[in-house]
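Engineer: Predicted structure and sequence below. I'll ask about it afterward.
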Amino acid sequence: MLEIEAGEKTTIRFTLNGKPVQAQAESRMQLADLLRHVLKKYGTHVGCEHGICGACTVLVDGRAVRSCLMFAAQVEGASVVTVEGLSNATGGLSELQAAFRRHHALQCGFCTPGILASATQFLQDNNAPSEHEVRDMLSGHICRCTGYTGIVEAILMTAQKRGGA
Amino acid sequence: MKSAPFKYMRPDTLEEALSVLVEHGEDVRVLAGGQSLGAMLNMRIVTPSILLDLNLLTELSWIEEVRGFLATAALVRQRDALDDATVREHIPLLAQALPHVGHYQTRNRGTLGGSVAHADPSAEIPLVLATLGGEVELRTARQIRRVKASQFFRSALVTAREPDELLTALYWPRRNPAQRSAFVEFAVREGDFAIVAVACTLDAGTLRIGFAGCGETPQIIERTGLVDLDAATIQTIAREASAGLACQSDLLGSSEYRRQLAAVLASKAMSALTRETVHA
Ligand code: FES
Ligand code: FES
């Protein structure tokens, strides 16, 4: 049984964007803060810290989850992917990211890293989603800028391009 | 906000988890999916001295048929239950309700057992368990007991679980082939807490309607000997059922509003029952 005393730090080992990493975290540290404050991966954004806004969403073992509702110690041994790990092999925009750009799916970009994480899993689950399904998935993200239309289009077009819909 | 400091304990076996509860029961908060508890910790609504993380306990993530029930272990994720063919076959009402539970992202992590143990008055999973007449398995280091849902939910966020007990499984009565079911709710936005949620089953002339979001716990009404569920009967049942509900007022709506909404949703759910085609 792993035990971390209150206020004490422990070393967490996991895979971040395909590379093994280790970092020190206190028992109460959120995964979002481990990523941002300790590992300096500022691509993951933090809005509400109670699971509502979706800005902090990252992939843990392939699933889109709120990094503000997981504690750092919980990703021991897991594979975590943040927006920094979503670009294509040469470091350019992925197909999904390029579609976001083309369809004006972002303005300030605060919500974007989280939405990209969700959309990545979502398109793997469902290669031919309906607009309703995309909007339902997006209900877990708050975007104060775009009105969602461009985001919905970018996700639908990516599915279509991949030969789903 | 950040959680107040706590000691983090992550057992590798159920036995270890139970022994922590025997020793420290009152000071412990049990962490399953964390989609409600994580927010409560961050907001310091709860400040436990120990956080007991169950997430490594693979012995709590099975789904099995047990006599008249489909049993789901406490850590089954909402997303996995939704994808499970036996859940869809044996507890279609749960499959109908799960898309309303939180969001795509929170269902990836949130669990069935965690939602029942948390006992939020507006939560869908406790409502389905209570409407179906299901049971909750509670375990200590020394004994296992099963409590009926109707006795498990005591008031808002309060259950019959003792501090040294762990909720280890849920028992869902299996649908008999003739049963029909429907689930409807109203929330301000998709995925928000339901202001009122209604679950309903019809089986050989017995109608059960469960309401969440109205009072502190799920409220169930039953009508037997129904021959025909025509439009007039539906209206009468909806009116009578909602008149008898305990309804609370809060920022989202007054008790009168909730009662009205409960009647509307109950008649919607009953109408859906009459339209639903029975699938094997
Ligand atoms: S910061 Fe995690 S959901 Fe808003
Ligand atoms: S682009 Fe600004 S919040 Fe979505």
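Structural biologist: Arrived safely, thanks for sending. Ligands and ions are numbered 1, 2, ... in the order given.
Engineer: Any residue of stretch A:64-74 touching ligand 1?
Structural biologist: Yes: for stretch A:64-74, a contact with ligand 1 is found by Cβ under 6 Å from any ligand atom, at A:Arg66, A:Cys68. Placement of C-beta: from N, CA and C, glycine included.
Engineer: okay, that stretch in PDB with CA atoms only?
Structural biologist: The C-alpha trace of stretch A:64-74 is given here as PDB (Å, rounded to 0.1, in the frame of the first residue of the first chain):
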ATOM      1  CA  ALA A  64     -10.200  12.200 -21.600                       C
ATOM      2  CA  VAL A  65     -10.300  13.100 -17.900                       C
ATOM      3  CA  ARG A  66     -10.300  16.300 -15.800                       C
ATOM      4  CA  SER A  67      -6.800  16.800 -14.500                       C
ATOM      5  CA  CYS A  68      -8.200  19.000 -11.700                       C
ATOM      6  CA  LEU A  69     -10.100  16.100 -10.300                       C
ATOM      7  CA  MET A  70      -7.200  13.600 -10.300                       C
ATOM      8  CA  PHE A  71      -4.400  13.800  -7.900                       C
ATOM      9  CA  ALA A  72      -0.800  13.600  -9.100                       C
ATOM     10  CA  ALA A  73      -0.200  10.400  -7.200                       C
ATOM     11  CA  GLN A  74      -2.900   8.700  -9.200                       C
END
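Engineer: Report the buried residues of that stretch.
Structural biologist: For stretch A:64-74, the neighbour count (16 or more other Cβ atoms under 10 Å in any protein chain shown) marks A:Ala64, A:Val65, A:Arg66, A:Ser67, A:Cys68, A:Leu69, A:Met70, A:Phe71, A:Ala72, A:Ala73, A:Gln74 as buried.
Engineer: and B:Val136, how many neighbours?
Structural biologist: Neighbours of B:Val136 under the rule other Cβ atoms under 10 Å in any protein chain shown: 27.
Engineer: hey, where'd the strands end up in chain A?
Structural biologist: In chain A, the strands defined using DSSP state E lie at A:2-4, A:9-16, A:19-26, A:57-60, A:63-66, A:79-81.
Engineer: wait, which of those is closest to B:Lys7?
Structural biologist: strand A:2-4 (6.8 Å; Cβ to Cβ).
Engineer: Now tell me what touches stretch A:137-145 from outside.
Structural biologist: A:47, A:52-55, A:57, A:106-108, A:110-111, A:114-115, A:118-119, A:122, A:129, A:148, A:151-152, B:102-106, B:189-191 (Cβ atoms under 8 Å, 6 or more residues apart in numbering or on different chains).
Engineer: Among the residues you listed, name the ones in helices.
Structural biologist: Counting by DSSP state H, the contacts of stretch A:137-145 place A:Gly114, A:Ile115, A:Ser118, A:Ala119, A:Phe122, A:Ile151, A:Val152, B:Tyr104, B:Gln105, B:Thr106 in helices.
Engineer: Show me the two of the buried residues of stretch A:64-74 that sit farthest apart.
Structural biologist: Maximum distance among the buried residues of stretch A:64-74 (Cβ to Cβ): 20.2 Å, for A:Ala64 and A:Ala73.
Engineer: Can you tell me which residues in chain A are near chain B?
Structural biologist: Residues of chain A found near chain B (Cβ under 8 Å from any Cβ of the partner chain) are A:1-7, A:26-30, A:33, A:49-52, A:54, A:57, A:63-66, A:68-71, A:73-74, A:118, A:121-122, A:135-137, A:139-140.
Engineer: Can you give me the neighbour number for the nearest residue to A:Val81 once chain neighbours are set aside?
Structural biologist: Excluding the flanking residues, the one nearest A:Val81 by Cβ to Cβ, 6 or more residues apart in numbering or on different chains is A:Leu59, at 4.1 Å. By the criterion of other Cβ under 10 Å, A:Leu59 has 24 neighbours.
Engineer: any idea how far A:Thr120 is from A:Leu59?
Structural biologist: The gap separating A:Leu59 from A:Thr120 is 6 Å, by Cβ to Cβ, to the nearest Å.
Engineer: what's the overlap in contacts for these two?
Structural biologist: A:Val81.
Engineer: the domain parsing of chain A - what is it?
Structural biologist: Split into domains by automatic domain parsing, chain A comes to A:9-85, A:95-161.
Engineer: would JSON lines of those with distance to ligand 2 and mean pLDDT be doable?
Structural biologist: Below are the domains of chain A laid out as JSON lines (distance: least, Cβ to the nearest ligand atom, whole Å; pLDDT from 0 to 100):
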{"stretch": "domain A:9-85", "distance to ligand 2": "8", "mean pLDDT": "98"}
{"stretch": "domain A:95-161", "distance to ligand 2": "3", "mean pLDDT": "97"}
